[in-house]
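1. Sequence and predicted model, in that order:
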Amino acid sequence: MGERPIKNSKTSVIITTYNDADYLRRSIPSVINQTLKPQEIIIIDDGSDNNSSKLLTNSFAEKTDIPIIYHKKENGGPSSARNAGIGLASGEFILFLDSDDELLTNSIEWRQKILESLGDNYASVYCGRIERINNKKNNKIEIIEREGSLDVSLVGRKNGVPGQITNHLFRKYILLEVKGYNEHLKFNEDFELIMRIAKKWKFRGVNEAGFIHHIRDDSWSKIDHRAAYDGVEDFLNIAHSNKLMPMKEIHKRRKENRLSLSRKLLTNKTSWKEAIPFIDEAFDIIGPRNLKEFTLFFLNKILKRF
């Protein structure tokens with residue numbers, strides 16, 4: 001059993017995992033060792049190929065009085081897994097944690113205390129984070145403190161509102177009222193959820209780190225950049241249809257998405273010509289605005305001659 005007595009908590013922690021059971025050795029203890037114990041820990045296994053996650057979860061459950069619930073489902077992606085966790089949660093508040101991240105020891109306590117002090121029209125208290133690269137270098141990602149209605153144009157922006165869901169502690173009833181995640185989205189699904197919530201409810205941002213986000217040097221090299229581009233476009237189409245953002249911001253993000261993909265294509269000797277139409281589209285949406293963009297604009301004109 002745990003050494004310290006369990007305090008009352010109203011927070012359910014949902015950890016999603018898929019073929020990465022070893023990371024649970026870090027994430028689960030970070031929740032168990034909180035200064036304010038969670039009401040429960042819910043592990044959603046999104047169709048892993050083996051039972052390693054179940055075995056690890058059971059081993060931790062034997063060592064703590066905190067209820068730990070393991071649920072395995074068919075693979076459906078992160079949004080589907082998180083929705084399954086919301087459906088199982090009994091806490092008043094919900095905190096999502098990726099399996100390869102870890103909470104700082106007082107993360108639940110201070111965030112729950114603040115959210116409890118706010119009215120029910122506040123959906124979330126969000127925080128900063130620490131980024132740890134290859135388990136060595138730490139970068140503290142601070143946020144600008146804000147309170148009240150959310151400017152959705154700031155979601156996911158530098159010095160804006162964190163788009164990563166682990167930054168947020170949510171009221172469960174609000175997640176249920178908006179029907180959770182859109183399971184059709186594969187990218188920016190956190191952004192879309194936050195923006196839907198922001199239509200009706202308020203947020204509070206506190207410039208204090210709440211968790212450690214682990215980053216590996218090779219993580220970006222494994223991303224299918226074409227799939228990422230298509231995923232962001234899907235998100236922007238939904239944002240347009242449901243009026244989640246001003247059109248000016250949607251156009252800005254469409255331009256950025258095209259420029260991001262074009263830069264990836266330009267670094268590849270076999271695909272640089274494929275970048276040309278994306279650069280054209282980007283500057284058709286919004287013309288070049290700075291030296292870097294003007295350089296790319298004129299480079300594109302040169303590339304068309306080959």
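-> Perfect, I can see it now. Residues are numbered from 1 along each chain as shown.
2. ok, and the closest non-adjacent residue to R226?
-> Ranked by Cβ to Cβ, 6 or more residues apart in numbering and with sequence neighbours excluded, the top spatial neighbour of R226 is L261, at 7.3 Å. Using the backbone N, CA and C atoms, a C-beta is placed for each residue, glycine as well.
3. okay, now that neighbour: neighbour count?
-> Neighbour count of L261, defined by other Cβ atoms under 10 Å: 22.
4. quick one: what helix or strand has it in it?
-> helix 247-266 (DSSP states H and E).
5. Test for you: state the pLDDT assigned to the residue nearest to R226.
-> Note for L261: predicted pLDDT of 94.
6. just to revisit the earlier point, and the helix holding L261, what other elements does it pack with?
-> helix 225-241, helix 275-285, helix 291-303 (3 or more Cβ pairs under 8 Å, 6 or more residues apart in numbering; DSSP states H and E).
7. And the next helix or strand past the least confident helix or strand in the chain by mean pLDDT?
-> Taking mean pLDDT, DSSP states H and E as the measure, the chain has strand 137-141 as its least confident helix or strand, at a mean of 85. For strand 137-141, the following helix or strand on the C-terminal side (DSSP H and E) is strand 147-148.
8. quick one: contacts of the helix or strand following that next one?
-> Next helix or strand after strand 147-148 toward the C-terminus (DSSP H and E): strand 168-171. If you take Cβ atoms under 8 Å, 6 or more residues apart in numbering as the criterion, strand 168-171 is touched by 11, 92-96, 108, 111-112, 115, 120, 122-126, 162, 194, 197.
9. go again using 10 Å as the cut-off
-> 10-11, 13, 86, 91-96, 107-108, 110-112, 114-115, 118, 120-127, 161-162, 177, 190, 193-194, 197, 201, 203-205, 210 (Cβ atoms under 10 Å, 6 or more residues apart in numbering).
10. follow-up on the earlier one: take the helices and strands packed on helix 247-266 and lay them out in a markdown table including mean neighbour count and mean pLDDT.
-> A markdown table is the format used below for the helices and strands packed on helix 247-266 (neighbours: other Cβ atoms under 10 Å; pLDDT from 0 to 100):
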| stretch | mean neighbour count | mean pLDDT |
| --- | --- | --- |
| helix 225-241 | 17 | 96 |
| helix 275-285 | 18 | 95 |
| helix 291-303 | 13 | 90 |
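11. Of all those, which one is nearest I44?
-> Of all those, it is helix 225-241 that lies closest to I44, at 21.1 Å by Cβ to Cβ.
12. now the angle from the closest one to helix 275-285?
-> Here helix 225-241 points in a direction 20 degrees away from that of helix 275-285 (axes from the mean of the first three to the mean of the last three Cα atoms, to 10 degrees).
13. if I pick the closest residue to D22 other than its chain neighbours, what's in contact with it?
-> In this structure, D22 finds its nearest non-sequential neighbour in S52, 7.7 Å apart by Cβ to Cβ, 6+ apart. Going by Cβ under 10 Å, 6+ apart, S52 touches T17, N19, D20, A21, D22, L24, D45.
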